[in-house]
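Asker: Model the structure of this input:
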Amino acid sequence: METVSSNETIKKEIFIECRPETLFSFFTDPDKLVRWMGRHVLLDPSLGGKYRIDVNGSDIAMGEYKEIIPNEKIVMTWGWERSKVVPPGSSTVEFKLTPKDNGTLLVLTHYNLPGTEVASHIQGWSHYMPRIQMVAQGQDPGIDPWSEKAMH
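Answerer: A predicted model of the protein is given here:
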């Protein structure tokens, strides 16, 4: 009997007023990535290199770089450290950077997500895309509100 995969894809686009080279560094430089996502970031931006993005102390995204085309494209596996539904390596995120007008069109595609996880990941990327837009345009989006764990 065939199992039909119910895995889904999310696609989001955002226009950012900066050059692709500028934007690219926000995916490969941990000091820059942490300004738009997470509170502790470890990266090895090389083919097969691993990354770890600690969002709030309990939600930790992990995976590895699958493809890196400088200033054009980054493909990485994606998952959550303690998740059984989306474990590390189980889904794939692609960031494409295309020069457009006076800036860059950033296209995010997140593949192979279980159907039940689509809504939460849409919410996640809808939260983070405007943050990378602000940072790459030289503005300060401030501390990620999602990184502040309730202390009570």
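Asker: The lengthiest helix in the chain: how far from the chain's middle?
Answerer: Longest helix in the chain by number of residues, with DSSP state H as the criterion: helix 118-136. For helix 118-136, the gap between its own C-alpha mean and the chain's C-alpha mean amounts to 8 Å (C-alpha atoms, centre = their mean, to the nearest Å).
Asker: What is that helix packed up against?
Answerer: Packing partners of helix 118-136 (3 or more C-beta pairs under 8 Å, 6 or more residues apart in numbering; DSSP states H and E): strand 8-16, helix 20-28, strand 103-113. Heads up, the C-betas are built off the backbone N, CA and C, glycines and all.
Asker: isn't Trp36 right up against Val135?
Answerer: Yes: in this structure Trp36 lies within contact range of Val135 using C-beta atoms under 8 Å: 4.7 Å.
Asker: Common neighbours of these two, please.
Answerer: Both Trp36 and Val135 are in contact with 26, 141, where contact means C-beta atoms under 8 Å, 6 or more residues apart in numbering.
Asker: who has more neighbours, the two?
Answerer: A side-by-side neighbour count of Trp36 and Val135, using other C-beta atoms under 10 Å, places Val135 first with 22 against 19.
Asker: Thank you, goodbye.
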